[in-house]
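**Q** below: sequence and its predicted model.
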Amino acid sequence: MDRGAPPRNELAIKLSLAVSTAGTDAHALIQAQREISLRELQEYTQDRKDLAANQRVTDTARLLVLDSLIFHAEAEARWLDLCEARLVQQSNGASNGVIGIVRGNGTTTA
């Protein structure tokens, strides 16, 4: 299935504007959205668990939809973690005049 152009991502637009606008607390926006995403993830996971416990053949379609929603919420939470890490990296680089890549062991390269 050809997806064509990606759908408009309101969260990505809102966060992009937040990091580009002076006086906007992008960290607070990320944290608030992360809480929403994780709450949704918990709800979808519980719904899936409840449905799977007494699964009937007719429940397969609903399980597929729940699986999709779970993966989407997980991906959004991971993306928000990445956004926050980039903001931290930027603020650390801005404070010492260097913008680099933070490695897994905590060291930074220019």
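**A** Thanks, I have it.

**Q** in the protein, which residue is most central in space?
**A** E76 (2.3 Å; Cα atoms, centre = their mean).

**Q** pretty sure it sits against L11.
**A** Yes - with contacts counted by Cβ atoms under 8 Å, E76 reaches L11, the gap being 7.4 Å. For the C-beta atoms, the positions are set from N, CA and C on the backbone; glycine is no exception.

**Q** where do the contact lists of these two overlap?
**A** Jointly contacting E76 and L11 under the rule Cβ atoms under 8 Å, 6 or more residues apart in numbering are Q33.

**Q** ok, back up a step: so the residue nearest to the centre of the chain is in which element?
**A** Using DSSP states H and E, E76 sits in helix 60-96.

**Q** centre of the chain versus that helix, how much separation?
**A** Distance, stretch centre to chain centre, for helix 60-96: 2 Å (Cα atoms, centre = their mean, to the nearest Å).

**Q** not counting sequence-adjacent ones, nearest residue to the residue nearest to the centre of the chain?
**A** Spatial nearest neighbour of E76, chain neighbours left out: S37 (4.7 Å); criterion: Cβ to Cβ, 6 or more residues apart in numbering.

**Q** same check on D59?
**A** Closest to D59 by Cβ to Cβ, 6+ apart is L51, at 5.5 Å.

**Q** quick one: the helix or strand hosting that neighbour to helix 60-96, angle?
**A** If you go by DSSP H and E, L51 is part of helix 26-53. Counting by axes from the mean of the first three to the mean of the last three Cα atoms, to 10 degrees, helix 26-53 lies at 160 degrees to helix 60-96.

**Q** could I get the buried residue list for stretch 48-60?
**A** Within stretch 48-60, the residues that qualify as buried are R48, counting by 16 or more other Cβ atoms under 10 Å.

**Q** and that stretch, end to end?
**A** 11 Å (Cα to Cα, to the nearest Å).

**Q** show me how far that stretch is from its chain's centre.
**A** With Cα atoms, centre = their mean, you get 27 Å for stretch 48-60.
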